[in-house]
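Visitor: Structure for the following, please:
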Amino acid sequence: MSFLDITVIPVPAGNKAAYIEHSRKTTVFFKEAGATSITECWGEDVPEGKVTDFRKAVDLKDGEVVCVGWITWPDKAVRDAAWETLMTDERMMGMEMPFDGKRMIFGGFDVIAEG
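Guide: Reported below is the predicted structural model:
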């Protein structure tokens, strides 16, 4: 089964075009490193929860949008090797992020079912 890297990111609403461009550029790097697909989503219907929600997870501020994305890797070994390479790639490390990376949440997940 595949392995996913999933992110939840607060992005200033005015940075949508910059976020799309950032995603377009990083997609090239991830695919070069072995990713099979990259998906980025712009929050359109992200409700407030009573206990927890996406907004609270990233400490969403006024004027920001919650974005969710995932990178699909063939397996965890490919992902681990890719990140080792990507973290030293000057192209990737030299990019400016159009969001507050300190409030981004992320994790790696084994796919256990697909439909």
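Visitor: if I pick the residue lying closest to residue 104 once chain neighbours are set aside, what's in contact with it?
Guide: Among residues not flanking residue 104 along the chain, residue 9 sits closest, at 4.6 Å (Cβ to Cβ, 6 or more residues apart in numbering). For the C-beta atoms, the positions are set from N, CA and C on the backbone; glycine is no exception. Residues near residue 9 by Cβ atoms under 8 Å, 6 or more residues apart in numbering: 58, 66-69, 99, 103-104.
Visitor: Farthest from the middle of the protein: give me that residue.
Guide: Here the chain reaches farthest from its C-alpha mean at residue 50, the gap being 25.1 Å by Cα atoms, centre = their mean.
Visitor: Quick check: buried residues in the lowest-mean-pLDDT helix or strand in the chain?
Guide: The helix or strand of the chain with the lowest confidence, counting by mean pLDDT, DSSP states H and E, is helix 90-93 at a mean of 90. By 16 or more other Cβ atoms under 10 Å, the buried positions in helix 90-93 come out as residue 92.
Visitor: Likewise for stretch 87-106?
Guide: By 16+ other Cβ under 10 Å, the buried positions in stretch 87-106 come out as 92, 98-99, 104.
Visitor: Downstream of the least confident helix or strand of the chain, the next helix or strand is which one?
Guide: Downstream of helix 90-93, the next assigned helix or strand under DSSP states H and E is strand 105-110.
Visitor: Which strands or helices does that next one pack on?
Guide: Using 3 or more Cβ pairs under 8 Å, 6 or more residues apart in numbering; DSSP states H and E, the elements in contact with strand 105-110 are strand 3-12, helix 76-86.
Visitor: Who does it pair with, and is each partner parallel or antiparallel?
Guide: Sheet pairing of strand 105-110 (DSSP bridges) gives strand 3-12 (antiparallel).
Visitor: buried residues in the strand it pairs with?
Guide: By neighbour count on 16+ other Cβ under 10 Å, the buried set for strand 3-12 is 3-5, 7-11.
Visitor: Now distance to residue 54 and pLDDT too, for those, in a markdown table please.
Guide: Listed next are the buried residues of strand 3-12 as a markdown table, based on distance: Cβ to Cβ, whole Å; pLDDT from 0 to 100:
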| residue | distance to residue 54 | pLDDT |
| --- | --- | --- |
| 3 | 22 | 98 |
| 4 | 17 | 98 |
| 5 | 17 | 98 |
| 7 | 11 | 98 |
| 8 | 6 | 98 |
| 9 | 10 | 98 |
| 10 | 9 | 98 |
| 11 | 12 | 98 |
